[in-house]
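> Turn this into a model:
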Amino acid sequence: MKHALIIGAGGIGGAVASRLDGYTLTLAGRNARTLTDLKQQLGADAVLCNLNSELEVKALADTLSKLDLMVYAAGAIYPEPLTTTSAQHWHETFEANVTGLFYCLKHIAPKFSAGARVFVIGARPELVTLRNFGAYAASKAAVTALCQVAALELRRQASLTLVLPKAVRTPFWEGVGTPPRDALGPDQVAEAIVAALQSEPVAELRVG
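Prediction:
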């Protein structure tokens with residue numbers, strides 16, 4: 001049976017996990033309650049992991065055998081003007097969105113089986129290059145660049161797809177405001193990812 005790792009198990013990550021058939025699942029993230037709930041629902045392995053810690057990500061990688069699918073759906077946002085963005089919020093945004101992804105690619109990529117698939121949740125520049133989204137927009141631009149490089153370096157072993165959805169109704173919106181009326185549900189993004197698994201790999205997957 002194929003093995004999938006879902007990083008960031010709430011929202012989109014949890015929706016993907018609940019739709020995967022034919023995979024044994026490992027869920028990783030920092031929300032213990034979410035991990036416990038999904039572990040019970042799906043019979044998955046669950047690993048509490050601080051993605052900002054390279055040691056913890058390496059320890060996660062050490063628990064894995066061959067991996068056929070990785071979905072990186074972790075992230076953070078602090079909506080505030082640049083002039084009032086604290087250094088802590090800036091670093092936390094980049095750590096969750098970029099540094100955690102880097103650690104996962106660095107330590108988990110060696111576990112990929114031939115032909116493995118990788119999906120990373122990104123953001124469309126035109127949807128996040130907005131007032132009060134400075135740290136988030138900058139971090140997601142970095143995610144795009146990192147994914148482009150990783151796709152080149154891993155192409156003989158795995159295929160990486162950057163997922164670019166419209167606005168998605170997730171806990172992300174708490175403290176941000178009301179999501180647009182046409183915002184997608186996490187299930188819609190998850191369904192697009194699962195459908196893409198049945199098709200030839202693409203560099204970008206736009207949803208909505």
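> In the protein, which helix is the longest?
With secondary structure taken from DSSP state H, the chain has its longest helix at helix 134-154.
> Would you mark the buried spots in that helix?
With burial defined by 16 or more other Cβ atoms under 10 Å, the residues of helix 134-154 counted as buried are 134-144, 146-147, 150-151, 154. (Each C-beta comes from the backbone N, C-alpha and C, glycine too.)
> contacting residues for Leu160?
Leu160 makes contact with Val118, Phe119, Val120, Cys147, Ala150, Ala151, Leu154, Ala203, according to Cβ atoms under 8 Å, 6 or more residues apart in numbering.
> Assign a three-state SS to it, would you?
strand (DSSP: H, G, I helix; E, B strand; the rest coil).
> Roughly how far does it sit from Val202?
As judged by Cβ to Cβ, to the nearest Å, Leu160 and Val202 stand 10 Å apart.
> would CSV of the contacts of Leu160 with distance to Asp21 and pLDDT be doable?
Converted to CSV, the contacts of Leu160 look like this (distance: Cβ to Cβ, whole Å; pLDDT from 0 to 100):
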residue, distance to Asp21, pLDDT
Val118, 19, 98
Phe119, 16, 98
Val120, 22, 98
Cys147, 26, 98
Ala150, 27, 98
Ala151, 26, 97
Leu154, 25, 96
Ala203, 25, 95
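> How confident is the prediction for Thr129, by pLDDT?
With respect to pLDDT, Thr129 has a value of 83.
> now do Arg169
Listed pLDDT for Arg169 reads 67.
> ok, now Pro179?
We have a pLDDT of 61 for Pro179.
> Looking at the contacts of Leu160, which is nearest Ala9?
Nearest to Ala9 among the contacts of Leu160, counting by Cβ to Cβ, is Phe119 at 14.1 Å.
> name the element that closest one belongs to?
Assigned by DSSP states H and E, Phe119 belongs to strand 112-121.
> so what does that strand touch, helix or strand wise?
strand 67-72, helix 134-154, strand 158-165, helix 186-196 (3 or more Cβ pairs under 8 Å, 6 or more residues apart in numbering; DSSP states H and E).
> Can you name the element that comes right after that strand?
Counting by DSSP H and E, what follows strand 112-121 is helix 125-128.
> Output that next one as CSV - backbone C-alpha positions only.
Extracted in CSV, the C-alpha atoms of helix 125-128 (Å, rounded to 0.1, in the frame of the first residue of the first chain):
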residue,chain,number,x,y,z
PRO,A,125,0.1,36.8,-6.0
GLU,A,126,-2.9,38.8,-7.2
LEU,A,127,-5.0,37.5,-4.2
VAL,A,128,-2.5,38.2,-1.5
